[in-house]
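**Student:** the following block contains a protein sequence and its predicted model.
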2 protein chains.
Amino acid sequence: MAGAAPKAVVLLSGGLDSATCLAIARDEGFAPYALSFAYGQRHGPELDAARRVAGALGAAAHHVARIDLAAFGGSALTGDIPVPKSDTVDGIGDEIPVTYVPARNTIFLSFAVAWAEVLGSRDLFIGVNALDYSGYPDCRPEFLEAFETVANLGTKAGVEGDRFRVHAPLLRMTKAEIIRRGAALGVDYGLTHSCYDPDPRGRACGRCDSCLLRRKGFVEAGVPDPTTYARA
Amino acid sequence: MAGAAPKAVVLLSGGLDSATCLAIARDEGFAPYALSFAYGQRHGPELDAARRVAGALGAAAHHVARIDLAAFGGSALTGDIPVPKSDTVDGIGDEIPVTYVPARNTIFLSFAVAWAEVLGSRDLFIGVNALDYSGYPDCRPEFLEAFETVANLGTKAGVEGDRFRVHAPLLRMTKAEIIRRGAALGVDYGLTHSCYDPDPRGRACGRCDSCLLRRKGFVEAGVPDPTTYARA
């Protein structure tokens, strides 16, 4: 009865977290509509990963929205600011780093609401995490709650029909817990891409925040890391 | 001392309301950064109008963001659904019409916050109006307040610095009051475009909700209407 499954719009970057989030949405009985953004990110390989993940995990549809956040700048992920590198995870999350992209999740969720409204869906999934994360303000539960209010006040569907719900199933999980959950759900993490600053061949740098958190997660989960790092 | 004026991001559709809103922002002492969207709207002439208005009213900058809301559909303004026509304003605002674009103002404000954060601005202006309007949910004060909360929780600037403010100076004004205010501030309404369904030459239809409210406003304001309507 796949045709009867309620639809959910799932934000899919192509990284480890959003792939797991997609698998959880499907496991919870939703037909996942995956939404990715070509927003001017330097780590373009994540979009290829998103396409692979959407296909492998059986998304009902996958839409890549093209928006230009590089025009505004203000982030290492869209501009000329170098991506910080380190050998350890110490200090990650203490301050909002230069890889923060202004209002990114607000923009992404806005598009998700628009698509959900047209699809007749009331469920949005976002793979944010407030434990092993980079300290971005738009990954916190209070932000997600506020956005849910906006979705319900600012749409025809929210005003006239059922309420929108923003699901963040990874919010309170460690990276290791996320990986174990995803592995149990059959996620092939070899398809995903996390690195903020891949080399020209698309290989992960191994030393940006995103790589460091990913590597630590696989070690702690006791799951083999399928990632090819440019620097081991 | 124009260089010392605080910056504000002003959403500028190219219509009567947003042009007036831009003039008000400038009159209140802000350096206005105008933000428009090529979102797949059928009334493309409004973007030409936005460029004219931004120039004439002395915007500090004008950015046109390209996003594809037509890909999602669900609106007469981006798809094949006909724009409703009438000879009177009776009934406008009673129900949310098919010209509603899913989550449009949420998306527009999200981009405005992103740009404002990079500019070092904390002030967003939006020309929504809850009296002579089409009944869109994302034009109501409770939506704007909720969005302000999102902006302050979901950004580095909101978390670490001053609060964002969403200004909606037209919210409680009638269309006639808006026109009188704009005329007093030197807005040339001949530069603006309101029609949802212009003819191939860009002339206003005179019978969509937006034309009807505009025409009624000029009559009530006692200000000559500079608009060329395809049908008088």
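**Tutor:** That came through fine. Numbers count the residues shown, from 1 in each chain, chains lettered A, B, ... in the order given.
**Student:** distance between stretch A:31-51 and the chain's centre?
**Tutor:** Relative to the centre of its chain, stretch A:31-51 is centred 9 Å away, using C-alpha atoms, centre = their mean, to the nearest Å.
**Student:** now look at it and say if it contacts chain B.
**Tutor:** No: judged by C-beta under 8 Å from any C-beta of the partner chain, stretch A:31-51 stays clear of chain B, getting no closer than 9.9 Å. Every residue, glycine included, has its C-beta placed from N, CA and C.
**Student:** kindly export that stretch (C-alpha atoms) in CSV.
**Tutor:** Provided in CSV are the C-alpha atoms of stretch A:31-51 (Å, rounded to 0.1, in the frame of the first residue of the first chain):
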residue,chain,number,x,y,z
ALA,A,31,6.5,8.4,1.1
PRO,A,32,9.6,10.6,1.1
TYR,A,33,9.8,13.5,-1.3
ALA,A,34,13.5,14.5,-1.2
LEU,A,35,14.4,18.2,-1.6
SER,A,36,18.0,19.3,-2.3
PHE,A,37,19.5,22.7,-3.1
ALA,A,38,22.1,23.8,-5.5
TYR,A,39,22.8,27.0,-3.6
GLY,A,40,26.3,27.8,-4.7
GLN,A,41,28.0,25.5,-2.2
ARG,A,42,31.7,24.8,-2.8
HIS,A,43,31.0,21.1,-2.0
GLY,A,44,29.1,20.3,-5.2
PRO,A,45,29.7,16.6,-4.9
GLU,A,46,27.1,16.5,-2.1
LEU,A,47,24.4,17.0,-4.8
ASP,A,48,25.6,13.9,-6.7
ALA,A,49,25.5,12.1,-3.4
ALA,A,50,21.9,13.4,-2.8
ARG,A,51,20.8,11.9,-6.2
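**Student:** how near is the spatially most distant residue from the centre of chain A to B:Glu95?
**Tutor:** Distance from the C-alpha centroid of chain A peaks at A:Glu160, with 29.5 Å (C-alpha atoms, centre = their mean). Separation of A:Glu160 from B:Glu95 (C-beta to C-beta, to the nearest Å) stands at 9 Å.
**Student:** check what pLDDT the residue farthest from the centre of chain A gets.
**Tutor:** For A:Glu160, the pLDDT comes out at 89.
**Student:** ok, the nearest residue to it once chain neighbours are set aside - how many residues close by?
**Tutor:** In space, and not counting its chain neighbours, A:Glu160 is closest to B:Ile96: 7.3 Å by C-beta to C-beta, 6 or more residues apart in numbering or on different chains. Residues lying near B:Ile96 (other C-beta atoms under 10 Å in any protein chain shown) number 16.
**Student:** so for the strand ranked longest in chain A, what's the average pLDDT?
**Tutor:** Using DSSP state E, we find that the single longest strand of chain A is strand A:31-38. Strand A:31-38 carries an average pLDDT of 98.
**Student:** now the helix or strand just after it against strand A:31-38, angle please.
**Tutor:** Using DSSP states H and E, the helix or strand that follows strand A:31-38 in sequence is helix A:45-56. In terms of direction (axes from the mean of the first three to the mean of the last three C-alpha atoms, to 10 degrees), helix A:45-56 departs from strand A:31-38 by 170 degrees.
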